[in-house]
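# Output the structure for:
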Amino acid sequence: MNILLKKNNLFKLQILSRFSTCSTTRNQKKLTEELKIDNHKLKKQISILNEDLYVIFKDDAQIVKVSEDYQLVLAPGLDSIHVLEITKLYYLKETTAFEILRALFKKNYYSIDELAGDLHLTSSYVYKQLTRLNKILNPLGIKLVFTQNLDESNFLADEISLSYFIFSFYWSSFKTKESPLHRSSLDESKVMLYKLDPYISSTSKQEHLRHYISYSIYHTIEKKRKIELDEQFVTFAQLLEQTNDLSIYQVDNFSPDLKITLTNENLFLNFILRTFLAIETPEEQIFLAKKFIETKLPLIRLSQQFIDAILDHWKLHLSDSDYYTLLYRATIVMIFIRYVGISFYEAFNYSENFTKVTFPTYVLEERSQDIKKFHTLFKKKYPQEAAELAFDKKYHYIAYSWIHYIIDYANDNRLKIAIHFSKDTLSELFIQNKIRKIYNEELITFVQKTAEADIVIADFAEPSASNENIIYIENIFEESNWNALFYSIQKEIFKKTFV
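Numbering: from 1, shown residues only. The predicted model follows:
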């Protein structure tokens with residue numbers, strides 16, 4: 001829920017996140033470049049961050065200066081990701097907006113004065129915070145209101161928007177660090193959770209699921225609120241249900257009034273759980289993509305048009321299996337955007353990042369401009385379809401990301417290696433075998449002609465290859481030569497994969 005954080009706290013989290021990736025040690029110069037600040041501001045912000053870390057973790061977590069580097073020093077048993085998530089939750093709890101939302105989840109309030117009294121704040125201050133919150137929630141189709149009817153929620157929204165918002169709010173805020181209070185406990189006797197067990201691969205996935213199911217029980221069984229689904233959504237959801245049924249409600253066990261409500265809830269669950277649980281096998285994804293095509297529904301046509309236009313524009317080719325796999329994934333995302341909303345997709349997929357950029361830094365400027373040009377042409381060619389996905393100026397960077405992902409998926413990014421060792425061909429085979437034991441065929445391929453190779457491994461200056469592309473090995477019995485070889489290959493694979 002970064003959209004609720006104060007800007008200064010968000011920036012401190014941005015700093016802390018730099019120590020939560022591959023290393024807890026970061027170079028000072030690189031940090032200033034990444035954060036776009038000078039050394040003085042970096043030092044000041046880290047000092048303020050350290051004060052917060054001391055409040056949360058005492059002496060167990062601090063960032064210290066070591067020569068030209070900064071290092072996150074942690075007590076045994078504490079890891080950097082845990083520190084980041086706990087610190088983020090600490091900052092969230094400091095915000096009035098966060099506490100207002102938590103209060104409204106737990107209880108229905110008939111007035112701002114009543115809410116202000118429970119929070120020990122002035123009514124005028126709470127009013128200002130509610131105005132700010134409504135501006136944040138409005139794009140999500142949610143409005144905060146007060147009513148004299150205590151059975152009415154303070155959240156005015158359709159059930160799809162509201163259920164997904166509450167689920168996402170709890171998960172993105174608490175992750176696995178705390179079990180937030182729900183209006184309904186998870187009564188497992190009311191649901192068939194065992195049907196989901198095969199797809200829960202970790203404790204975090206289990207907690208992720210419990211956040212959603214708890215609210216599902218509350219708004220369907222306790223409040224008897226019904227999710228409205230149109231014919232297109234029902235068709236897609238039924239295909240998913242028929243392939244791997246994630247329906248947790250045994251509708252026949254409930255009253256006739258609840259049957260329709262729970263039938264719709266089961267269909268919605270069969271879709272929404274697939275947005276964070278890996279359900280289908282590769283073969284099932286291909287099967288479903290073909291079934292989607294048979295429906296001839298607008299969303300599957302849009303998915304096909306979008307993918308086909310990208311492949312045609314960049315002259316790319318996919319095998320049938322890869323095409324159907326991509327089509328399945330793209331359609332699931334497009335169903336989400338059509339029925340849950342692109343604003344949700346932005347808030348809980350993109351706004352969780354600490355910075356919003358149109359393109360990653362590794363995307364070349366030429367490719368970036370080409371993607372922008374393609375996006376404009378696609379909107380002109382398919383205006384109705386593009387409007388359906390709300391690909392307007394506000395969300396253009398999401399469309400750009402999708403285009404980049406599809407290009408990357410269809411590209412042959414394998415590193416082409418030529419080995420020319422003058423001593424003997426058995427040495428060439430030995431080098432090739434060592435490389436194959438570390439890198440699979442999806443990463444590298446071997447070629448004979450140096451003109452076709454990205455890198456040439458040789459023990460001489462090869463006239464037909466640029467010196468920059470040659471990895472020189474004179475003696476294959478020296479360990480340092482192998483270290484240098486694999487470092488160079490890894491660097492080239494990274495370039496091929498991300499550029």
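# how many other residues sit next to Q45?
Other residues near Q45 come to 17 when the count uses other CB atoms under 10 Å. Every C-beta, even on glycine, is put in place using the N, C-alpha and C of the backbone.
# how much space is there between it and N2?
Separation of Q45 from N2 (CB to CB, to the nearest Å): 17 Å.
# This structure: strands as residue ranges?
In chain order, the chain shows strands spanning 25-27, 61-66, 69-74, 143-144, 155-156, 415-420, 444-446, 455-458, 470-472, with DSSP state E as the criterion.
# Show me what the last one is packed up against.
When you say that, I think you mean strand 470-472. Strand 470-472 is packed against strand 455-458, helix 479-498, with contacts defined by 3 or more CB pairs under 8 Å, 6 or more residues apart in numbering; DSSP states H and E.
# switch the cut-off to 10 Å
strand 415-420, strand 455-458, helix 479-498 (3 or more CB pairs under 10 Å, 6 or more residues apart in numbering; DSSP states H and E).
# what's the answer for the first one, then?
If you count contacts as 3+ CB pairs under 10 Å, 6+ apart, strand 25-27 packs onto helix 28-35, strand 69-74.
# strand partners of it, parallel vs antiparallel please.
Strand 25-27 sits in its sheet next to strand 69-74 (antiparallel), going by DSSP bridges.
# What mean pLDDT does the strand it pairs with get?
The average pLDDT for strand 69-74 rounds to 95.
# Tell me which residues of it come out buried.
Of the residues in strand 69-74, Y70, Q71, L72, L74 count as buried by neighbour count, 16 or more other CB atoms under 10 Å.
# separation between the third one and K44?
When CB to CB is the yardstick, L72 and K44 sit 17 Å from each other.
# How about E51?
In this structure, E51 lies at 11 Å from K44, with CB to CB as the measure.
# domain assignment for the chain?
Using automatic domain parsing, the domains assigned to the chain come out as 2-93, 158-230+243-263, 282-410, 415-498.
# Out of the ones you listed, which is closest to N108?
Nearest to N108 among the domains of the chain is domain 158-230+243-263 (9.6 Å), distances taken as CB to CB.
# Quick check: end-to-end length of that closest one?
Taking CA to CA, to the nearest Å, domain 158-230+243-263 runs 17 Å from one end to the other.
# Tell me which of the domains of the chain lies nearest to V126.
Checked against CB to CB, the stretch from the domains of the chain lying closest is domain 2-93, at 15.1 Å.
# Show me what the closest residue to R414 other than its chain neighbours is bridged to.
Nearest in space to R414, with sequence neighbours left out and distances taken as CB to CB, 6 or more residues apart in numbering, is T445 at 4.8 Å. For T445, the beta-bridge assignment (DSSP bridges) gives partners K416.
# How about the contacts made by T445?
By CB atoms under 10 Å, 6 or more residues apart in numbering, T445 lies in contact with D412, R414, L415, K416, I417, Y439, E452, A453, D454.
# Just the buried ones among these, please.
R414, L415, K416, I417, Y439, A453, D454.
# Just the pLDDT for the fifth one.
The model reports Y439 with a pLDDT of 92.
# Return the backbone torsion pair for it.
Comment: the main-chain dihedrals of Y439 come out as phi -120, psi 130, following degrees, to the nearest 10.
# I493 is in contact with that one, correct?
Yes - taking CB atoms under 10 Å as the contact criterion, Y439 and I493 are neighbours in contact, 7.3 Å apart.
# hey, what's in contact with both of these two?
In the contact map built from CB under 10 Å, 6+ apart, the residues linked to both Y439 and I493 are R414, L415.
# residue boundaries of the helices in the stretch 351-499 of the chain?
With DSSP state H, counting those that start in this stretch applied, the stretch 351-499 of the chain shows helices at 365-381, 383-388, 396-410, 425-438, 479-498, listed in chain order.
# Most tightly packed of the ones you listed?
Neighbour counts (mean count of other CB atoms under 10 Å) averaged over each of those peak at helix 396-410, with a mean of 18.
# by contact count, what packs against that helix?
With contacts defined as 3+ CB pairs under 10 Å, 6+ apart, the packing partners of helix 396-410 are helix 298-313, helix 320-336, helix 342-345, helix 365-381.
# would CSV of the ones you listed with distance to H211 and mean pLDDT be doable?
CSV is the format used below for those (distance: least, CB to CB, whole Å; pLDDT from 0 to 100):
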stretch, distance to H211, mean pLDDT
helix 298-313, 27, 94
helix 320-336, 17, 95
helix 342-345, 15, 83
helix 365-381, 35, 88
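# Could you export the strands of the chain to a markdown table, including columns for distance to I112?
Formatted as a markdown table, the strands of the chain follow (distance: least, CB to CB, whole Å):
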| stretch | distance to I112 |
| --- | --- |
| strand 25-27 | 45 |
| strand 61-66 | 39 |
| strand 69-74 | 42 |
| strand 143-144 | 10 |
| strand 155-156 | 15 |
| strand 415-420 | 62 |
| strand 444-446 | 64 |
| strand 455-458 | 67 |
| strand 470-472 | 69 |
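# Buried deepest among those strands, which one?
Among those, the stretch with the highest mean neighbour count (mean count of other CB under 10 Å) is strand 455-458, at a mean of 22.
# which other helices and strands contact it?
If you count contacts as 3+ CB pairs under 10 Å, 6+ apart, strand 455-458 packs onto strand 415-420, helix 425-438, strand 470-472, helix 479-498.
# at 7 Å instead, please
Using 3 or more CB pairs under 7 Å, 6 or more residues apart in numbering; DSSP states H and E as the contact criterion, the neighbours of strand 455-458 among helices and strands are strand 415-420, strand 470-472.
# Neighbouring strands - and their directions - for the shortest one?
Paired strands of strand 470-472, with direction, are strand 455-458 (parallel) (DSSP bridges).
# Dump the C-alpha coordinates for stretch 413-420 into CSV.
Extracted as CSV, the C-alpha positions of stretch 413-420 are listed here (Å, rounded to 0.1, in the frame of the first residue of the first chain):
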residue,chain,number,x,y,z
ASN,A,413,18.0,-14.6,-26.6
ARG,A,414,20.3,-17.6,-26.5
LEU,A,415,24.0,-16.7,-26.4
LYS,A,416,25.8,-18.1,-29.5
ILE,A,417,29.2,-19.5,-28.7
ALA,A,418,32.0,-20.6,-31.1
ILE,A,419,35.0,-22.5,-29.7
HIS,A,420,38.2,-22.5,-31.7
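# what comes into contact with that stretch?
428, 431-432, 435, 442-450, 452-458, 462, 489, 492-493, 496-497 (CB atoms under 7 Å, 6 or more residues apart in numbering).
# ok, now stretch 476-487?
For stretch 476-487, the external contacting residues (CB under 7 Å, 6+ apart) are S427, F430, I431, I438, I457, I471, I473, N475.
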